[in-house]
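Student: This is a predicted model, with the sequence first.
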Amino acid sequence: MDESARPSVTLIIPAHNEEACIEKKIRNALELDYPTDKLEIIVASDHSSDQTAARASVFGNRGVRVLDYRERAGKMGTLNKAVKEAKGEILVLTDANALFPSYTIKELVKHFADERVGLVSGAKIIRNLESDSSTGLGESGYWKYESFIKQGESLSGSCSGADGSVYAVRKALYPFPPDKRIIMDDFAVSLMVVKAGYECIYEPQARAFEESSSGMCREFRRKGRIFAGALSFLFLQPAALFSNLFVKLISHKILRWLTFLFQILLFGVSFLLSSHSMIRPIFGFQAVFYASALAGALLNHFSIRLLPFHIPYYFNMTTFAQGYGFWYYFKNGRRPQWEKLR
């Protein structure tokens with residue numbers, strides 16, 4: 001694409017207490033391969049109590065705009081305010097801890113030449129932390145599987161949601177989700193863009209690199225809170241569910257979120273019927289599977305990674321995190337605050 005034909009872009013980095021990584025993120029943004037006269041960078045600080053805004057302001061002489069909001073609004077509320085300040089035709093939304101290869105923005109915006117496309121999601125790539133390689137192994141595998149599903153969905157129309165670490169949306173279509181209690185911006189914006197009649201596609205070459213969570217307990221809580229955020233949006237905006245993504249949302253998202261319930265029901269029923277010869281092998285398989293998961297948890301405690309035990313452990317950690325997410329939503333789901341768990 002001719003450089004002069006590229007659309008103007010605003011990269012928005014919402015942040016709450018991100019002093020540890022905000023400077024690295026901004027330096028990464030300034031090194032992106034995109035015409036400097038068409039790239040605006042905004043850091044939107046959601047009433048940070050640390051030095052996030054101050055450290056970001058150091059880059060003001062390089063064109064970085066810092067919006068230091070003094071009233072806590074949550075991630076969605078902060079994005080809504082920052083989007084109103086953006087000048088670009090295309091908004092690229094990202095997390096403060098996600099680093100882009102130089103080509104990521106170009107890979108995102110090339111799809112907007114098609115007027116049917118309203119949103120483009122990039123791919124999250126997990127890099128393992130040496131301090132907990134077992135967490136990185138499971139999380140990396142999970143995101144590879146997620147990427148595979150999104151590619152298939154995108155080939156058949158729209159994918160069922162963007163990734164908050166890297167996605168782009170036409171500013172004219174940004175839906176300004178009205179309730180600041182919504183914390184899952186990627187899920188909310190994706191569904192509302194598709195609801196408006198535009199496509200949400202997946203571009204695996206538009207990458208964002210993140211480090212894996214520092215420990216299984218943190219990962220468990222993080223996944224539960226992600227689910228609580230999605231649940232909050234569906235309760236607040238149920239009409240967004242009923243679009244041409246309905247079948248994909250049910251199969252890719254909702255049924256997966258309910259896996260822990262299916263596991264409990266299957267185990268309970270097969271236990272009660274285990275005296276029957278046809279049911280006994282089903283119950284036995286589950287018993288071995290959950291015993292392997294428990295062994296994986298014990299080995300993980302001693303930083304030992306054995307795939308036959310680690311995979312059942314990580315799978316169960318992921319599915320039962322949704323149960324935690326239900327509890328978290330009904331306890332905290334109506335509060336707009338967002339916190340990082342890494």
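Tutor: Noted; the coordinates are in hand. As the structure is a computational prediction, the values presented were derived from the model and not from experiment. Numbers count the residues shown, from 1 in each chain.
Student: And for residue 142, the neighbour number?
Tutor: Neighbourhood size, residue 142 [other CB atoms under 10 Å]: 17. C-beta here means a position set from N, CA and C on the backbone, and glycine is covered the same way.
Student: Sorry, wrong one. I was asking about residue 84.
Tutor: 11.
Student: now swap in the one 5 residues further on and tell me
Tutor: When counting by other CB under 10 Å, one arrives at 16 neighbours for residue 89.
Student: Apart from its chain neighbours, what residue comes closest to it?
Tutor: Among residues not flanking residue 89 along the chain, residue 7 sits closest, at 4.4 Å (CB to CB, 6 or more residues apart in numbering).
Student: hey, where'd the helices end up in this structure?
Tutor: 22-30, 52-57, 74-85, 104-109, 133-155, 185-195, 216-236, 246-248, 255-257, 259-272, 280-301, 307-332 (DSSP state H).
Student: so which of these is the most packed in?
Tutor: Most buried of these, by mean neighbour count (mean count of other CB atoms under 10 Å): helix 185-195, with a mean of 25.
Student: What is that one packed up against?
Tutor: Under the contact criterion of 3 or more CB pairs under 8 Å, 6 or more residues apart in numbering; DSSP states H and E, helix 185-195 touches helix 74-85, strand 90-94, strand 117-127, strand 166-170, strand 199-211, helix 216-236.
Student: Would you mark the buried spots in stretch 87-96?
Tutor: For stretch 87-96, the neighbour count (16 or more other CB atoms under 10 Å) marks 88-96 as buried.
Student: What is the most widely separated pair among these?
Tutor: Pairwise distances across the buried residues of stretch 87-96 (CB to CB) peak at 23.6 Å, for the pair 89 and 96.
Student: for this protein, what are the low-confidence residue spans?
Tutor: 1-4, 128-140, 179-181, 213-214, 333-342 (pLDDT under 70).
Student: so what are the domain limits for it?
Tutor: Split into domains by automatic domain parsing, the chain comes to 3-214, 258-332.
Student: Please name whichever of the ones you listed is nearest to residue 220.
Tutor: Minimum separation from residue 220 across the domains of the chain (CB to CB) falls at domain 258-332, 4.9 Å.
Student: Start and end of the closest one, how far apart?
Tutor: By CA to CA, to the nearest Å, the extent of domain 258-332 from end to end equals 20 Å.
Student: before we move on, the earlier item: output the helices and strands packed on helix 185-195 as a markdown table; include the columns distance to residue 274.
Tutor: Shown next, in a markdown table, are the helices and strands packed on helix 185-195 (distance: least, CB to CB, whole Å):
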| stretch | distance to residue 274 |
| --- | --- |
| helix 74-85 | 47 |
| strand 90-94 | 50 |
| strand 117-127 | 39 |
| strand 166-170 | 47 |
| strand 199-211 | 43 |
| helix 216-236 | 29 |
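Student: Of all those, which one is nearest residue 159?
Tutor: strand 199-211 (4.6 Å).
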